[in-house]
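K.L.:
sequence isn't available, so here's the structure alone:
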């Protein structure tokens, strides 16, 4: 089986930069995967796409050699297993609030005897190389999102779940949950109270011997998070890059026209 390069980076003590896909299009996915990301994640939760879009995106990105992952819509075994069968080398699962939910998530990720994943790797059996059945349990990443007040309160029991590889912080939901809507959602938090929560989750994960990942909206914040000790930072989304690129080009053109 082709090895998971994120696991290899982590084994070497190196962080990873992740790209994020919310547009359901194989060509735009191929363009993103051709850039210098270590991994690329297809967003099946909030992205404008479903499995029928995600599968050709995985196919288009295969040649890039990047670690391909998916954020699933929910902690539902069938969705998790199908994303793995389609080619995901890692699953980011939203709204994990306690140990029982973390255990259910991990179980769906692993073949027996380590879990309850159903065997039927229709596409990934070809895309991942030989001996997928024998090596998948060791190569696929189970990444739980802690992004609610309940999840923060139960963080120590979540990170101690056997088979969980990492946590993933979604700052928007985390802020809404922790502050009960007192602060608006958004990435790249600068409030002292939110930085304290984020760094405490980072420390809790590392204390348990697992990794920590975070969603960011800028290169500067991604670098800051890596400096804090995060093992993976999502640094760019296809939507944000399209918006920012168009906005900046148009602003420059209009400014030059007015001179």
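P.N.:
Yes, it's here. What you are looking at is a predicted structure, and each value in this text was computed from that prediction instead of being measured.

K.L.:
can you pull out the strands in the stretch 51-200 of the chain?
P.N.:
67-71, 90-93, 141-145, 166-169 (DSSP state E, counting those that start in this stretch).

K.L.:
nearest to residue 186, out of those?
P.N.:
strand 166-169 (13.2 Å; CB to CB). Any C-beta I mention is one placed from the backbone N, CA and C, and that applies to glycine too.

K.L.:
what is the closest one packed up against?
P.N.:
strand 141-145, helix 155-159, helix 192-207, strand 211-215 (3 or more CB pairs under 8 Å, 6 or more residues apart in numbering; DSSP states H and E).

K.L.:
the inter-axis angle of the first one versus strand 211-215?
P.N.:
It refers to strand 141-145. 60 degrees (axes from the mean of the first three to the mean of the last three CA atoms, to 10 degrees).

K.L.:
strand 141-145 pairs with which strands, and in what direction?
P.N.:
Strand 141-145 has the following strand partners under DSSP bridges: strand 90-93 (parallel), strand 166-169 (parallel).

K.L.:
picking that back up, determine which of the strands of the stretch 51-200 of the chain approaches residue 26 most closely.
P.N.:
Taking the strands of the stretch 51-200 of the chain one by one with CB to CB, strand 67-71 is closest: 12.6 Å.

K.L.:
what's the angle from that closest one to strand 141-145?
P.N.:
40 degrees.

K.L.:
any low-confidence regions in the stretch 151-259 of the chain?
P.N.:
For the stretch 151-259 of the chain, no stretch is flagged by pLDDT under 70.

K.L.:
hmm, 90 instead?
P.N.:
236, 259 (pLDDT under 90).

K.L.:
all helices of the stretch 101-250 of the chain, in order?
P.N.:
124-127, 132-139, 149-153, 155-159, 171-179, 192-207, 219-228, 238-257 (DSSP state H, counting those that start in this stretch).
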